[in-house]
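*Asks:* have a look; sequence and predicted model below, questions after that.
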2 protein chains.
Amino acid sequence: MNIQFSKSTDYALHALLHLAHSKLHQNIGIKELSAALGVSESYLSKIMSKLRQDGIVRAVPGVNGGYELARPAEQITFLEVIQVIEGRQQLFECSNLSSQQHRLLAEDGAGESQRKSECLVKRVMDGAEQHLYQYLREHTIQSVLDEVFKQSNHAVNKK
Amino acid sequence: MNIQFSKSTDYALHALLHLAHSKLHQNIGIKELSAALGVSESYLSKIMSKLRQDGIVRAVPGVNGGYELARPAEQITFLEVIQVIEGRQQLFECSNLSSQQHRLLAEDGAGESQRKSECLVKRVMDGAEQHLYQYLREHTIQSVLDEVFKQSNHAVNKK
DNA sequence: TATATAGTGGATATTATAGGTCTATAATAA
DNA sequence: TTATTATAGACCTATAATATCCACTATATA
């Protein structure tokens, strides 16, 4: 049961949403964030550090310090956040020996080509990955906020 | 670093490819399979068992026994195989408390709606999941085999 | 400048799961 | 019956997610 985003990604996205939503007051401390998300301060700190190292948020130490978005919410995509937290390894890696199987398969067909000896299973999986990534690139922190706004308006109009 | 298909999925897909490719001789034993993939017999057995329990392959014990596809290769999708091996849990689960954050966000906007109290991060993620699944449904064991054939032809024509 | 405040980084603990081995058992063909 | 082959389950190990704690550094302001 490998294929699931970690809780850290959950926390990161919700924390960013919180920062984006309340950009009125410049800095949001870890206390406020951890209270809003229901996570310990120490653990959330780690996650925020990663986001800072990747230039997604800015951190200010000292009295009245805290975090704020380093960029406009429109420019922070789901994909980026996920890759910072989960790492950038690919969705699928082919075991070496298995890819040998494909070389044999190809030779069996009519030989010659396939000099890249690329695994065909991997090729499908890479396509899936690109599909997924494209979708995650199109969704940003801001687009979620817009969604909230749309829903609210909808409710008002129905009244 | 959570988001990666397991080796088991790799093995399962390659094993199925092997079965589909050499359907001339009815049964392929675990020995041949494990040799082709470079995995131990005992470990691959477990994977094959799962595939059998889900009706993807048939198994015959005893002398000259082995495995064969239970259905035509066109009807075995990547998605199905992945779900058998990886499980059917969702790509993303929202921590309870975080979803509370969204209720607040929504109320803040204009209240009322959002009675589903559904997490908006999760909604994006579910969309991503559906996107991914659609792609994986469109690719089958047979479609990979076809790809091999196409490549071979291409090489011949170029000659 | 002193000090309380707030983020950073390292060490550590816990638990779950992937990945893998081995053995006893059941089914089947010769 | 015997050799062969799949099945089920117990078992092991290494790694990663999740989480906590503490010492350290940076900064705003009294």
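*Replies:* Nice, thanks for sending it over. All values reported here derive from a predicted model rather than from experimental measurement. Numbers count the residues shown, from 1 in each chain, chains lettered A, B, ... in the order given.
*Asks:* quick one, phi/psi of A:Val60?
*Replies:* phi -120, psi 120 (degrees, to the nearest 10).
*Asks:* that one contacts A:Ile30, doesn't it?
*Replies:* No - A:Val60 lies out of contact with A:Ile30 (CB atoms under 8 Å); the separation is 11.6 Å. Heads up, the C-betas are built off the backbone N, CA and C, glycines and all.
*Asks:* excluding covalently adjacent residues, which one is nearest to the residue sitting nearest the centre point of chain A?
*Replies:* When CA atoms, centre = their mean is applied to chain A, the residue found nearest the centroid is A:Ile82 (1.8 Å). Leaving aside its sequence neighbours, A:Ile82 sits nearest to A:Thr9 (CB to CB, 6 or more residues apart in numbering or on different chains; 5.7 Å).
*Asks:* quick one: contacts for that neighbour?
*Replies:* A:Val81, A:Ile82, A:Ile85, A:Glu86, B:Phe92 (CB atoms under 8 Å, 6 or more residues apart in numbering or on different chains).
*Asks:* what residues of stretch A:10-29 count as buried?
*Replies:* A:10-21, A:28 (16 or more other CB atoms under 10 Å in any protein chain shown).
*Asks:* of the residues you listed, closest to B:Val124?
*Replies:* A:Leu13 (8.7 Å; CB to CB).
*Asks:* roughly how far apart are the closest one and DNA strand C?
*Replies:* Distance, A:Leu13 to DNA strand C, using CB to the nearest atom of the strand, to the nearest Å: 17 Å.
*Asks:* coming back round to it: neighbour count: A:Val60 and A:Ile30, which is higher?
*Replies:* Neighbour totals were compared for A:Val60 and A:Ile30, and A:Ile30 leads with 19 against 13 (other CB atoms under 10 Å in any protein chain shown).
*Asks:* give me the neighbour count for the nearest residue in space to that one that is not next to it in sequence.
*Replies:* The shortest distance from A:Ile30 to any residue other than its chain neighbours is 5.0 Å, reached at A:Glu41 (CB to CB, 6+ apart). The number of residues packed near A:Glu41 is 13, by other CB under 10 Å.
*Asks:* for A:Leu69, give me its contacts.
*Replies:* By CB under 8 Å, 6+ apart, the contact list for A:Leu69 reads A:Leu16, A:Leu19, A:Ala20, A:Lys23, A:Ile56, A:Val57, A:Arg58, A:Ile76, A:Ile141.
*Asks:* can you put those residues in JSON lines and add distance to A:Gln134?
*Replies:* As requested, these are exported to JSON lines (distance: CB to CB, whole Å):
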{"residue": "A:Leu16", "distance to A:Gln134": "21"}
{"residue": "A:Leu19", "distance to A:Gln134": "26"}
{"residue": "A:Ala20", "distance to A:Gln134": "23"}
{"residue": "A:Lys23", "distance to A:Gln134": "28"}
{"residue": "A:Ile56", "distance to A:Gln134": "20"}
{"residue": "A:Val57", "distance to A:Gln134": "25"}
{"residue": "A:Arg58", "distance to A:Gln134": "28"}
{"residue": "A:Ile76", "distance to A:Gln134": "17"}
{"residue": "A:Ile141", "distance to A:Gln134": "18"}
